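Participant: Can you look at this prediction? I've put the sequence above it.
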Number of protein chains: 4
Amino acid sequence: MKAAIIGATGYGGSELIRLLYSHPNVTLQSFHSSSQHGQPVMASYPHMQGMIGDDLEDIDPERMAQDVDVVFIATPAGVSTELVPEFMKHDTKVIDVSGDFRLKDTDTYERWYHKTAPDQNYVNQAVYGLTEWLDTDIKGTQLLSNPGCYPTAALLGLAPLVKEKRIDPNSIIIDAKTGVSGAGRKVSAASHFTETNDNLKIYKVLEHQHTPEIEMMLDAWSETKTAITFSTHLIPMTRGIMTTIYADAPDGMTARELFDLYQESYKDTYFVRVRKQGEYPTTKDVYGSNFCDISLSYDERTNRIMIVSVIDNLVKGAAGQAVQNMNRMFGLEETAGLDTMPMYP
Amino acid sequence: MKAAIIGATGYGGSELIRLLYSHPNVTLQSFHSSSQHGQPVMASYPHMQGMIGDDLEDIDPERMAQDVDVVFIATPAGVSTELVPEFMKHDTKVIDVSGDFRLKDTDTYERWYHKTAPDQNYVNQAVYGLTEWLDTDIKGTQLLSNPGCYPTAALLGLAPLVKEKRIDPNSIIIDAKTGVSGAGRKVSAASHFTETNDNLKIYKVLEHQHTPEIEMMLDAWSETKTAITFSTHLIPMTRGIMTTIYADAPDGMTARELFDLYQESYKDTYFVRVRKQGEYPTTKDVYGSNFCDISLSYDERTNRIMIVSVIDNLVKGAAGQAVQNMNRMFGLEETAGLDTMPMYP
Amino acid sequence: MKAAIIGATGYGGSELIRLLYSHPNVTLQSFHSSSQHGQPVMASYPHMQGMIGDDLEDIDPERMAQDVDVVFIATPAGVSTELVPEFMKHDTKVIDVSGDFRLKDTDTYERWYHKTAPDQNYVNQAVYGLTEWLDTDIKGTQLLSNPGCYPTAALLGLAPLVKEKRIDPNSIIIDAKTGVSGAGRKVSAASHFTETNDNLKIYKVLEHQHTPEIEMMLDAWSETKTAITFSTHLIPMTRGIMTTIYADAPDGMTARELFDLYQESYKDTYFVRVRKQGEYPTTKDVYGSNFCDISLSYDERTNRIMIVSVIDNLVKGAAGQAVQNMNRMFGLEETAGLDTMPMYP
Amino acid sequence: MKAAIIGATGYGGSELIRLLYSHPNVTLQSFHSSSQHGQPVMASYPHMQGMIGDDLEDIDPERMAQDVDVVFIATPAGVSTELVPEFMKHDTKVIDVSGDFRLKDTDTYERWYHKTAPDQNYVNQAVYGLTEWLDTDIKGTQLLSNPGCYPTAALLGLAPLVKEKRIDPNSIIIDAKTGVSGAGRKVSAASHFTETNDNLKIYKVLEHQHTPEIEMMLDAWSETKTAITFSTHLIPMTRGIMTTIYADAPDGMTARELFDLYQESYKDTYFVRVRKQGEYPTTKDVYGSNFCDISLSYDERTNRIMIVSVIDNLVKGAAGQAVQNMNRMFGLEETAGLDTMPMYP
């Protein structure tokens, strides 16, 4: 099958190229950029010399509909709002790695994203692709909305407890930490090396647009209306997300029961690894891979649960999960192109 | 006045040397190490060439009592348990930067430190030196126990609310992050560069010995028995601590009221800086300095408070606060030797 | 085919596991450690959970000879001196990633390695596997000695000029820089995070054991006796080597001629990429991959040439080149298991 | 005495503020910025809260001439070309930390800086302030041109040999490495965290504007016309420069003689520390301080000398040397405000 990548000069796009380059069933057909078309992909990414010789193209949905089986959109927020309807008209399958089609409530989108929401009709069609917890077969899906990086880590960490209604979702506090690649390739003072190296920041306090995305899924799973605390920290490293999640424990919870619940929940999911009791993951344990590692603890002193989950924000938090979703949409092996070992150290 | 430093080859010791070298009222009299005496200080710390020409000496409390006005002990846990009684016998003032004399309850010490506790008699004499919140004049203090790095950041962040009994201390969750110098100079797999760089770890889950130290002070301030959640993360940076603290807000709290409470509480403390509303500190904002910067937020969606405090773990979290306490004990200007600008970037 | 890895708990060993796990023609048969046998591989490398379930085994050449087609030895210097003869007796093909069999002159080995040299007979049998410049077919090779990390980067950078006798090898100065993983997994003060982060060191001045390895090849290619300047710096990063090489230019050299010589030399080598004129590689351009990127400049002001070459020290500088050599020894595609895109960023 | 700082929002400016804040003889009178005047200094540098309450002012040479004794200019290249004549007219002493007045040959300036050169008249008046090797008393100097960061490290490393005419300056190769703060505070792709972290780059090959600055001084000292090789690398760290310098040794040189020459040359200079034989400096050894540490080696195998020098690029390489020069210009103790210990770790 053939794939096109829109937004090929960003980190999400380049990670898609990296993963699909080694995918046994996919040919990288074309690379698209609204601003840099005409230039070689390699002008943005010299590390691809000898591997990708193509030039960046402009975005022509009609032509692309004929040329490819799937289009990945990895642009900043607001762009796929415009592009997706074009591809839908031509019956092209789209996997949207930007955030535009995640929030089902368009008012919420506009409040947190400070942008005009996409057409509700397309929002309704979009399937939210948290792959391990999809409740539908997505073989017929036309528009898949790939989850955000933080929501992926947080929701995989919370799903077993929340879906089983074992905890009060309003007691959830998510202290999240990310590497700087999450901020993208656009230069800014916040991600200037000298301002970031050997430094630790908290950012977007009370304002992070992934808050309602997490709450949307918690609402659905718990069948209640939830408000959580979600804070985000910038770590002086390139890749990786860790979410440290706190919640009130249900009555009578034990550490063993907690562990068993997660082991059972994830026993058939290749990419979610529940770590053995007493062992905690580091972000390097999943570096460059599609794994999400999860550890659990129960503190009887405070009767609180702690869940620690880690992902590579560019893989399971973006391009990797997008490929995993593509594999499902096209009936391929779920691990195709993704069964590589984390890079350590 | 003259000072001696025990444990001069560790990071706490070298930071004391750095600060006291520039202190207008102090002469660095002698440097002591149990394992490396006879060697030059410079063999451990070549960066001191041209500044410190002395050799390391062994530890002789009787002679030191005659030579110096104050002894700083910056050794691993367990050592000052043995040394302090010797110095007490000779009426030498001691500032203990190790953790041995912090916990008033020796059972608690033994449970969390896995070591034999010091003599209760000396524990009782030790004044816990969280400088900004000392409730006694320490001019006559013989034994000052300098707070731990995490407790300093957490307690300065919590004191105004807890002392005013505005929050339920049992609702407190402290998500703490530290640079690697907090682990000391002793080599270990955990602080091997390749295992730490570009990586993020959670460690000592439910086992960190600073937990009871924080709770001891919260108990005293709130006049209740408290159990808090305290988790610690290792950040790939050299210096700096950030504590992100969550707690249930009292009824009717507003962001403005919260800010005003902290501004009022810290209006006369040079080293605690309440940052303006909506601005959040980074650890680099206090790098190399004795400042503790604090920001606050109130989330009406969840009715939770968040407090963010940052310090340099080796300065306000160790050597700097020790010098600040020395200044108080000897009637010097509180800022003497400490009024230097953070190093940025 | 089946492979065994000796020294599986070090970084060279774990990188071999990572690469061979994805190799289409290889089964990882067994993992060996002299000190930790009996323990799971995963106890050393939790990131392999779900991928490698095996336990570490002791080293039994007789049994291994029956079980596997090739043995990789990735131990510290001095170990394969002992092991290789055992495997040779059993006709097992060995790829030695340690340095023991590289230097043909055993006196030189003993002078630079401060260890007893291996048996000259086996040293003579060993083929030095700088893959792109092998002068023999290695399909029948029993003992392949994999080049060192620095020599790989330096020699690939120098080969075209030296083999063509265009420069005086005695004018060569190699200023080399490496990431910290080159120092291995054994903890030491030199690779303690706090001593290395945000710091830059020069080390092993005039004493680096890769000096005679580089000179050995330069001697062979230039048919003269060479003494070069080679200095090594420790960069606060995990992976990557850059060698900045200076040499006197031959009379009449131009930048274009220099570039053409390299393009021609490497036009058929997939893993050596000559970068276009005026573009210089960064170590991230080859991160995690088997590429060696090379750039050239000629300075008419000084009549000197500069060659810049970069590799990932653990891949092209160790495990990757070992796999590349294995592919050649067993008649596989040279790129099998190695045709993956560098990880960027 | 009173000082004004122009370009207070850049890293050179903020480092001047840090150093002068603790200077016993200086009052920081005013802070100037062409683009941000009217805003508080603290808006650029929140770490100065409680220390610097002033607003940034515009640049009014006439008024400043009345208010202050010395003006520091720490702007990008090209700005002080315009400003200096204004201050000269008002007889204000100027210390120019930008590069505009360093090169005596204005053609050379224009060729390497790609900017219009300053007025030759003022260029002639400017004293090049490599403090340890000033050949004049600068008490009467009106315009001091502060050396560049790389030239400071390189020239302090080379001066004893070149001034004594012991080496052929045309044999000099300087392989220089810098932390990222050298690139300034302006954001760019080159200093974006994710492009720089865990990465190593060579940049401005054959084009670095510090090349002619180094050659100008070598020419003067050696009384010949020199062309050197000078290459620059970007290290993933915030502060620090190391220059690794290679040169042909004179006949009969020994390691001991080399060491003695440097010890003798620098025996009376507080800020240049010749490290003992066999010990090599790291950039952290001088972090945050005005020291330049130098080590030497002689390789009898190649008959080459290697000189290693390190500085903090923002201190001895910029603001610190500027303050040292100010101290000399105003007859203060040379170490005033600068005698602080490097920050380690």
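Facilitator: Nice, I can see it.
Participant: anything in the top helix by length along chain A sitting right up against chain D?
Facilitator: In chain A, taking DSSP state H as the definition, the longest helix is helix A:149-163. No - Helix A:149-163 stays clear of chain D (Cβ under 8 Å from any Cβ of the partner chain), getting no nearer than 14.1 Å. Where you see a C-beta, it was placed from the backbone N, CA and C, and this is true even at glycine.
Participant: who does that helix touch, helix- and strand-wise?
Facilitator: Other elements packing on helix A:149-163 under the criterion 3 or more Cβ pairs under 8 Å, 6 or more residues apart in numbering or on different chains; DSSP states H and E are strand A:173-178, helix A:210-222, strand A:229-234, strand A:241-248, helix A:255-265, strand A:292-299, strand A:304-311.
Participant: Next, the buried residues of the fifth one.
Facilitator: Of the residues in helix A:255-265, A:255, A:258, A:259, A:261, A:262, A:265 count as buried by neighbour count, 16 or more other Cβ atoms under 10 Å in any protein chain shown.
Participant: Can you add mean pLDDT and distance to chain D and give the helices and strands packed on helix A:149-163 back as CSV?
Facilitator: Formatted as CSV, the helices and strands packed on helix A:149-163 follow (pLDDT from 0 to 100; distance: least, Cβ to the nearest Cβ, whole Å):
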stretch, mean pLDDT, distance to chain D
strand A:173-178, 98, 12
helix A:210-222, 98, 19
strand A:229-234, 98, 9
strand A:241-248, 98, 14
helix A:255-265, 98, 32
strand A:292-299, 98, 21
strand A:304-311, 98, 17
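Participant: For residue B:140, which of those is the nearest?
Facilitator: strand A:292-299 (40.5 Å; Cβ to Cβ).
Participant: Run me through the strand neighbours of the closest one, direction for each.
Facilitator: Take DSSP bridges as the rule and strand A:292-299 pairs in its sheet with strand A:272-274 (parallel), strand A:304-311 (antiparallel).
Participant: from the middle of its chain, how far away would the longest one be?
Facilitator: Which is strand A:304-311. Between the centre of strand A:304-311 and the centre of its chain there are 17 Å (Cα atoms, centre = their mean, to the nearest Å).
Participant: The first one now?
Facilitator: If you compare the mean C-alpha spot of strand A:272-274 with that of the full chain, they lie 16 Å apart, counting by Cα atoms, centre = their mean.
Participant: follow-up on the earlier one: and the strands paired with strand A:292-299, which is most packed in?
Facilitator: strand A:304-311 (a mean of 27; mean count of other Cβ atoms under 10 Å in any protein chain shown).
Participant: That one relative to strand B:229-234, how many degrees between them?
Facilitator: Counting by axes from the mean of the first three to the mean of the last three Cα atoms, to 10 degrees, strand A:304-311 lies at 20 degrees to strand B:229-234.
Participant: and after strand A:304-311, which helix or strand comes next?
Facilitator: Heading C-terminal from strand A:304-311, the first helix or strand you meet, by DSSP states H and E, is helix A:320-329.
Participant: need the contact list for the residue lying closest to residue A:156 once chain neighbours are set aside.
Facilitator: Once flanking residues are discounted, residue A:156 sits nearest to residue A:292: 4.9 Å by Cβ to Cβ, 6 or more residues apart in numbering or on different chains. Counting by Cβ atoms under 8 Å, 6 or more residues apart in numbering or on different chains, residue A:292 touches A:152, A:153, A:156, A:271, A:272, A:273, A:286, A:309, A:310, A:311, A:316.
Participant: and of the residues you listed, the nearest to residue A:54?
Facilitator: residue A:316 (26.9 Å).
Participant: ok, the closest one - contacts?
Facilitator: So residue A:316 contacts A:152, A:153, A:271, A:286, A:289, A:290, A:291, A:292 (Cβ under 8 Å, 6+ apart).
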